[in-house]
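Engineer: This is the structure alone, sequence omitted:
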């Protein structure tokens with residue numbers, strides 16, 4: 001280390017120790033084609049601990065990481081002048097600029113400042129976003145441009161994803177987990193909601209996760225795993241499997257959004273059998289119960305019309321699912337997932353495991369009354385759980 005660089009680092013260490021460091025920038029990459037364009041550093045207060053937030057500005061994304069003073073100095077020593085030739089330290093009383101020439105000669109310029117400066121220990125506002133479209137995987141998934149702007153034709157999809165993230169955050173945030181949170185996203189498809197879940201839990205809630213996106217289409221699994229690996233997303237993986245065939249050994253949270261027809265039941269059964277603390281489903285294509293209702297011949301004035309029959313089948317199917325979840329000790333609720341203008345598949349069925357003992361006799365009576373009223377012999381979820389009403 002040159003004497004000049006050592007002097008600059010000592011000045012940084014002194015300002016960090018005396019709490020006079022306002023901000024710092026590293027710029028002018030040593031290699032013109034370096035994807036990392038600059039670094040912005042500012043002090044932050046996290047859980048009563050003073051740290052330093054590094055915002056890494058890459059060509060197509062930003063990353064924020066927090067370090068203590070010793071780690072900050074180690075990073076600066078590694079970055080200067082190997083990655084960056086310029087660095088500016090802004091303190092409450094002066095600017096200290098480090099300049100390294102193309103030949104490796106380092107100089108320091110110091111300038112006293114007249115204005116009154118204060119430290120701002122607030123978090124970077126960008127970190128508080130549920131989903132950051134600037135993250136590179138959103139471009140790779142086809143939702144944004146290279147600059148992190150949501151494309152016009154994906155605005156509705158992003159709104160749906162964001163609403164999903166809001167709901168899941170409200171459900172998971174109060175929960176307590178012992179170490180790694182094990183999650184299965186059944187029927188993960190193109191991965192939009194799986195990546196939103198990963199980003200929410202790791203970057204906003206700071207949880208250690210093991211998320212498996214379960215998808216039967218091998219081409220999608222291959223493509224999504226390539227995106228995961230290229231972004232070094234630890235704790236996220238897609239696996240090739242049907243929902244019915246996937247049986248996780250450990251499961252805390254089960255997600256199944258728009259799993260078609262009885263695939264939703266396969267997912268719910270998997271969550272119940274694994275003892276998942278939280279089950280979140282957005283069912284669709286409720287064919288099984290509709291077919292049972294049509295075969296029974298018990299058609300009243302409301303459901304003799306096709307569209308009403310379909311809607312009634314949806315409500316009965318999901319009501320019985322909710323009741324079966326309650327039978328197995330889950331507190332259930334049904335909520336709107338997203339406004340109807342964005343998708344007709346807008347019902348979210350949520351089951352949260354509780355220690356309260358359910359009134360099983362009452363629940364069985366409610367299920368049997370519904371089945372009798374509409375001529376339903378068996379709900380598919382009953383069959384796969386070996387559940388006899």
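Structural biologist: Received, thanks. Only a predicted model underlies this, so the values are computations on that prediction, with no experimental measurement involved. Numbering: from 1, shown residues only.
Engineer: use CA for all of it now, contacts and neighbours both
Structural biologist: Fine.
Engineer: Point out where the stretch 51-200 of the chain drops to low pLDDT.
Structural biologist: 115-120, 122-129 (pLDDT under 70).
Engineer: Helices along that one, start to end?
Structural biologist: Listed in chain order, the helices of the stretch 51-200 of the chain (DSSP state H, counting those that start in this stretch) span 69-79, 136-140, 155-172, 192-199.
Engineer: tell me which strands and helices the second one is in contact with?
Structural biologist: Counting contacts by 3 or more Cα pairs under 8 Å, 6 or more residues apart in numbering; DSSP states H and E, the secondary-structure elements packed against helix 136-140 are helix 218-230.
Engineer: Report the angle between the helix it packs on and helix 192-199.
Structural biologist: Between helix 218-230 and helix 192-199, the angle comes out at 20 degrees (axes from the mean of the first three to the mean of the last three Cα atoms, to 10 degrees).
Engineer: that older thread, out of the helices of the stretch 51-200 of the chain, which is closest to residue 320?
Structural biologist: Closest approach to residue 320 among the helices of the stretch 51-200 of the chain (Cα to Cα): helix 155-172, 22.1 Å.
Engineer: Mean neighbour count, the helices of the stretch 51-200 of the chain: which tops it?
Structural biologist: Looking across the helices of the stretch 51-200 of the chain with neighbours counted as mean count of other Cα atoms under 10 Å, the highest average goes to helix 192-199: a mean of 22.
Engineer: List the neighbours of it that are in contact with it.
Structural biologist: Contacting residues not belonging to helix 192-199 are listed as 130-131, 141, 161-162, 164-165, 168, 185, 188, 209, 211, 213, 236 [Cα atoms under 8 Å, 6 or more residues apart in numbering].
Engineer: Closest one of those to residue 45?
Structural biologist: Closest to residue 45, out of all of these and judged by Cα to Cα, is residue 130, at 20.4 Å.
Engineer: pretty sure residue 205 contacts residue 173?
Structural biologist: Yes. Under the criterion of Cα atoms under 8 Å, residue 205 is in contact with residue 173, at a separation of 7.4 Å.
Engineer: quick one, which of those two is more surrounded?
Structural biologist: A count of neighbours by other Cα atoms under 10 Å puts residue 205 above the other of residue 205 and residue 173, at 14 against 10.
Engineer: pLDDT score for that one?
Structural biologist: Here the pLDDT value assigned to residue 205 is 89.
Engineer: got the phi/psi numbers for it?
Structural biologist: phi -100, psi -10 (degrees, to the nearest 10).
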